[in-house]
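Asks: Curious how this folds, go ahead:
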Amino acid sequence: MQILKSYIVAAALLCAGGVQAQVNSFNIDSTKFNRPLKATLDSVYQLDQAPRFKYLEARQKNNNPALVDSLRKAMVEHDHDNLKKCIAILEKYGWQGPQKVGMEGSQALFLVIQHADLPTQKKYLPMIRDAERKGEILSSNLAILEDRINVREGAQQQYGSQAFTDNQTNKLYFYPIANLSQLEERRKRMGLVPMAEYAKLMQMDWNPQQYQKSLPEIEKIIARQKKK
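Replies: Next up is the predicted model:
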């Protein structure tokens, strides 16, 4: 007997209420999984997330710099190995949505590409856009990846998902955001929570008028940090 499950993804950082054409849920029949690929990608997911959480936790606790650096190096090594595995899968099988490898397995593919270098992100962006059109990836994931690419290329982000730390004051800022008057509409369309709610989760303040006034200073901080 087939077991059909409907997974409604409700991660606070990613999803909001239903919007037309927005991908935030999947009908998953676990009997149709590609089991070998699922096992590989489930392992990749753990190797992506566990070292990252340890590294971030050590930074937040201001642990010994040598420990923080060793955790960062371990994270980078895992990212490198994970990327090789995921590229091999993508080149041979194409995008693997939750319907094929489960939610965690599919999310592993996205996370590894999200954490990859810019040329890799740009190479697989068309594949991820196509997967979103086919209902094989969360719309919010696509939004986050597009923001990350724009930020890396020095362009304004569309959805406000990317932030950075001023290395002099340790204060968090959102990278420049395009057309603030339509930001909430864009976020809603891609299944992202309202900006104020997202900022609160990031332990940041959000006032669009104040943010607009702060943009010149934010751009100066970005330019200063790029020179180092």
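Asks: Look up the closest residue to the residue nearest in space to the middle of the chain, ignoring the ones flanking it.
Replies: Nearest residue to the geometric centre of the chain (Cα atoms, centre = their mean): Ile144, 4.9 Å. Once flanking residues are discounted, Ile144 sits nearest to Ser161: 4.8 Å by Cβ to Cβ, 6 or more residues apart in numbering. Where you see a C-beta, it was placed from the backbone N, CA and C, and this is true even at glycine.
Asks: and the one you found, helix, strand or coil?
Replies: Counting by DSSP: H, G, I helix; E, B strand; the rest coil, the backbone at Ser161 sits in coil.
Asks: How about the contacts made by it?
Replies: For Ser161, the contact set (Cβ atoms under 8 Å, 6 or more residues apart in numbering) comprises Ala143, Ile144, Asp147, Arg148, Leu192, Tyr198.
Asks: Which parts of this structure are strands?
Replies: 4-8, 25-29, 163-165, 172-174 (DSSP state E).
Asks: Buried residues in the second one, which are they?
Replies: In other words, strand 25-29. Ser25, Phe26, Ile28 (16 or more other Cβ atoms under 10 Å).
Asks: again, but for stretch 190-198
Replies: The neighbour-count check on stretch 190-198 (16+ other Cβ under 10 Å) flags Met190, Gly191, Leu192, Val193, Met195, Tyr198 as buried.
Asks: now stretch 73-87
Replies: Those would be Met75, His78, Asp79, Asn82, Leu83, Lys85, Cys86, Ile87, for stretch 73-87 by 16+ other Cβ under 10 Å.
Asks: Quick check: which helices or strands does the longest helix that the chain contains pack against?
Replies: Counting residues, the longest helix found in the chain (DSSP state H) is helix 65-93. The helices and strands touching helix 65-93, judged by 3 or more Cβ pairs under 8 Å, 6 or more residues apart in numbering; DSSP states H and E, are helix 35-60, helix 98-114, helix 118-133.
Asks: chain center to that helix: distance?
Replies: Put simply, helix 65-93 sits 16 Å off its chain's centre (Cα atoms, centre = their mean, to the nearest Å).
Asks: How about stretch 96-104?
Replies: Put simply, stretch 96-104 sits 17 Å off its chain's centre (Cα atoms, centre = their mean).
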